[in-house]
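Enquirer: only geometry, no sequence info:
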């Protein structure tokens with residue numbers, strides 16, 4: 001069954017993932033302009049873009065565990081999902097900068113004074129080198145260092161989950177679930193003890 005599923009996935013072009021992934025952006029802007037996002041369209045738009053980015057980040061983190069534990073191979077789509085994640089984080093940030101705060105002096109004040117914004121900006125800054133090097137040229141140029149650099153996605157994911165949890169007003173279960181899922185996926189990506197033992201034996205021989 002997994003073999004059949006993977007054969008089907010191999011026939012799906014990567015551009016289709018980009019196409020499907022970009023559809024929510026213009027649709028949400030349209031809803032915001034036509035009153036479809038409620039009485040606070042800017043806040044709703046900001047929230048929707050941020051949540052989409054976090055969902056895509058989780059999907060990206062799940063790719064390796066899915067292949068390892070379930071045999072589902074989505075590796076060909078991992079870069080597309082990463083680029084889409086960064087795109088929605090950027091849209092989330094731009095809505096906050098351009099439509100919400102608007103005043104440049106208040107932007108820096110918010111980053112410094114509001115811990116959840118500080119955490120969110122830290123995640124965005126860590127994402128920048130990942131976005132810049134998400135291309136074949138960078139993979140060839142950096143060699144083994146490319147994989148090490150892209151491990152920054154781990155702190156990015158934790159910071160993103162914390163950002164969502166911290167901005168929630170009062171106790172809300174949804175942000176907590178997101179953070180727990182992120183932590184669970186990061187744990188699943190860790191090498192198993194048996195693998196570490198075998199690796200240690202191989203190094204000692």
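Expert: Alright, I've got the coordinates. Worth saying up front: this structure is predicted, and the values here are computed from it rather than measured. Residues are numbered from 1 along each chain as shown.

Enquirer: List the buried residues of the lengthiest helix in the chain.
Expert: For the chain, the longest helix by residue count, based on DSSP state H, is helix 41-65. Under the neighbour-count criterion of 16 or more other C-beta atoms under 10 Å, helix 41-65 has 41, 44-54, 56-63, 65 buried. The way it works is simple: take the backbone N, C-alpha and C, and place the C-beta from them, glycine included.

Enquirer: what does the helix or strand that it is followed by rub up against?
Expert: Next helix or strand after helix 41-65 toward the C-terminus (DSSP states H and E): helix 78-94. For helix 78-94, the external contacting residues (C-beta atoms under 8 Å, 6 or more residues apart in numbering) are 14, 17-18, 21-22, 25, 46, 49-50, 52-53, 56-57, 59-60, 63, 123-124, 127, 130-131, 134, 153, 160.

Enquirer: Helix 41-65 and helix 78-94, what's the angle between them?
Expert: 160 degrees (axes from the mean of the first three to the mean of the last three C-alpha atoms, to 10 degrees).

Enquirer: So for helix 78-94, what gets flagged as buried?
Expert: Neighbour counts over helix 78-94 (16+ other C-beta under 10 Å) mark 78-93 as buried.

Enquirer: all helices for this protein, in order.
Expert: Here the chain has its helices, by DSSP H, at 2-10, 14-22, 24-33, 41-65, 78-94, 104-113, 115-132, 136-142, 144-149, 153-167, 173-188, 193-204.

Enquirer: do you know which of the ones you listed lies nearest residue 71?
Expert: Set against residue 71 and scored by C-beta to C-beta, the helices of the chain come closest in helix 2-10, at 4.0 Å.

Enquirer: so which of the helices of the chain comes closest to residue 72?
Expert: Proximity to residue 72, assessed across those by C-beta to C-beta, is greatest for helix 2-10 (6.4 Å).

Enquirer: Quick check: buried residues in the closest one?
Expert: In helix 2-10, no residue is buried by neighbour count (16+ other C-beta under 10 Å).

Enquirer: Nearest to residue 108 among the buried residues of helix 78-94?
Expert: Ranked by distance to residue 108 (C-beta to C-beta), the buried residues of helix 78-94 are led by residue 93 at 13.9 Å.

Enquirer: Please tell me how far the closest one sits from residue 110.
Expert: Distance of residue 93 to residue 110, computed by C-beta to C-beta, to the nearest Å: 12 Å.

Enquirer: Any chance of JSON lines for the helices of the chain, columns mean pLDDT and distance to residue 71?
Expert: Putting the helices of the chain into JSON lines (pLDDT from 0 to 100; distance: least, C-beta to C-beta, whole Å) gives the following:
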{"stretch": "helix 2-10", "mean pLDDT": "84", "distance to residue 71": "4"}
{"stretch": "helix 14-22", "mean pLDDT": "95", "distance to residue 71": "20"}
{"stretch": "helix 24-33", "mean pLDDT": "93", "distance to residue 71": "29"}
{"stretch": "helix 41-65", "mean pLDDT": "94", "distance to residue 71": "11"}
{"stretch": "helix 78-94", "mean pLDDT": "95", "distance to residue 71": "16"}
{"stretch": "helix 104-113", "mean pLDDT": "82", "distance to residue 71": "43"}
{"stretch": "helix 115-132", "mean pLDDT": "93", "distance to residue 71": "27"}
{"stretch": "helix 136-142", "mean pLDDT": "90", "distance to residue 71": "25"}
{"stretch": "helix 144-149", "mean pLDDT": "90", "distance to residue 71": "22"}
{"stretch": "helix 153-167", "mean pLDDT": "93", "distance to residue 71": "23"}
{"stretch": "helix 173-188", "mean pLDDT": "93", "distance to residue 71": "14"}
{"stretch": "helix 193-204", "mean pLDDT": "46", "distance to residue 71": "17"}
